[in-house]
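# Sequence plus the predicted model coming up.
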Amino acid sequence: FWHPQRDFRRTAGVVDVTVGYTGGKKKNPTYQNIMDATEAFLIEFDPTVITYKEILDEWADMHAPYYPSKCQYRSAIFYSNENQRDAAKSKIAELGKGGQRKVYVDIEPMSTFYRAEEYHQDFLDKQMSSSAI
């Protein structure tokens, strides 16, 4: 979840990106005790600058959801309304067009998002800063 956080922060119209955990039933997952949750990133965006569909396009350009993964690392899109759900289904259908590759992406309603530990926030930028010293 570190690379998408860094890359989306550089995208016009994206206001904030937070890494964390969601999609599970057990409360308060952490990196050390992720349980049934999935590593995820939450994007806050300005819809007058970038659309949800454009965010999905960016996500698809930086992601290859063609391999199944265990729950922690699974590929998933969590939507907050029916329009987002429909856009996500359309994007996944587009990725699987032609049937040459199976697309492994779960599309689920957004559930509680738990912010990851502080050392995970902007992790790649922190690594670059410490290696430049």
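Arrived safely, thanks for sending. If you're wondering where the values come from, they're calculated on a predicted model, not measured in any experiment.

# who does residue 43 bridge with?
Beta bridges link residue 43 to residue 17, judged by DSSP bridges.

# Kindly report the same for residue 107.
Under the criterion DSSP bridges, residue 107 forms beta bridges with residue 77.

# For it, give me its contacts.
Applying C-beta atoms under 8 Å, 6 or more residues apart in numbering to residue 107 gives the contacts 76, 77, 79, 85, 88, 89, 92. All C-beta spots, glycine's among them, are computed from the backbone N, C-alpha and C.

# which residues does the third one contact?
Remark: with contacts taken as C-beta under 8 Å, 6+ apart, residue 79 is in contact with 85, 87, 88, 107, 108, 109, 110.

# Tell me how many other residues crowd the second one.
Taking other C-beta atoms under 10 Å as the neighbour definition, residue 87 ends up with a count of 19.

# I'd assumed it was in a helix, is it?
Yes. Read with DSSP: H, G, I helix; E, B strand; the rest coil, residue 87 is one of the residues of a helix.

# In this structure it contacts residue 54, no?
No. Residue 87 lies out of contact with residue 54 (C-beta atoms under 8 Å); the separation is 10.0 Å.

# quick revisit: pull out the buried residues from the contacts of residue 79.
Among the contacts of residue 79, those buried by neighbour count (16 or more other C-beta atoms under 10 Å) are 85, 87, 88, 107.

# Would you check which pair of the residues you listed lies furthest apart?
The largest separation in the buried ones among the contacts of residue 79, counting by C-beta to C-beta, is between 87 and 107 at 10.0 Å.

# On the three-state scheme, residue 25 is what?
coil.

# any idea how far it is from residue 35?
8 Å (C-beta to C-beta, to the nearest Å).
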